[in-house]
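J.: Return a 3D structure for these sequence lines:
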Amino acid sequence: MRNSGIFFFFILACLSILAVLAMHARHARAGASAVLAANVGLVKTLGLTDLCLFTEARYTRHPSMADLHSPFQDHPFAMDHFPSGSLVTPPRLLQRAP
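T.: Numbering: from 1, shown residues only. Alright, predicted model coming up:
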């Protein structure tokens, strides 16, 4: 078998896997609508406000409500204790305009 034939069967296998994944996603989406509706009802009932992104530190739980000095609990040049602190950007009002 030539290299082009092997490549053709590889592409055919990849496309068939992609089609199976698309059908699975469509099937899973139909089943998840009931769960999503239940979650929306729970949020309305409990009056939840924001999504909790990280559970480690108080300034990464709700970045919109964090005080400005909580990452610097020891002093301004202290290392961050939690790895999620490097993933959360500072609030927009503290970022410099480009």
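J.: Identify the single longest helix in this structure, thanks.
T.: The single longest helix within the chain, with elements called by DSSP state H, is helix 3-46.
J.: separation between His24 and Cys14?
T.: Distance, His24 to Cys14, by CB to CB, to the nearest Å: 16 Å. All C-beta atoms are positioned from the backbone trio N, CA, C, and that covers glycine.
J.: right, I mislabeled it, should have said Asn3
T.: For Asn3 relative to Cys14 (CB to CB), the value is 16 Å.
J.: between the two, which one's more packed in?
T.: Neighbours were counted for Asn3 and for Cys14 using other CB atoms under 10 Å; Cys14 has more, 10 against 7.
J.: State the distance from that one to Arg96.
T.: 45 Å.
J.: same deal with Arg29?
T.: 41 Å.
J.: More neighbours: which of the two?
T.: Arg29 (10 against 4).
J.: need the contact list for the more buried one.
T.: Applying CB atoms under 8 Å, 6 or more residues apart in numbering, we find Arg29 in contact with no residue.
J.: And it, what's its pLDDT?
T.: With respect to pLDDT, Arg29 scores 86.
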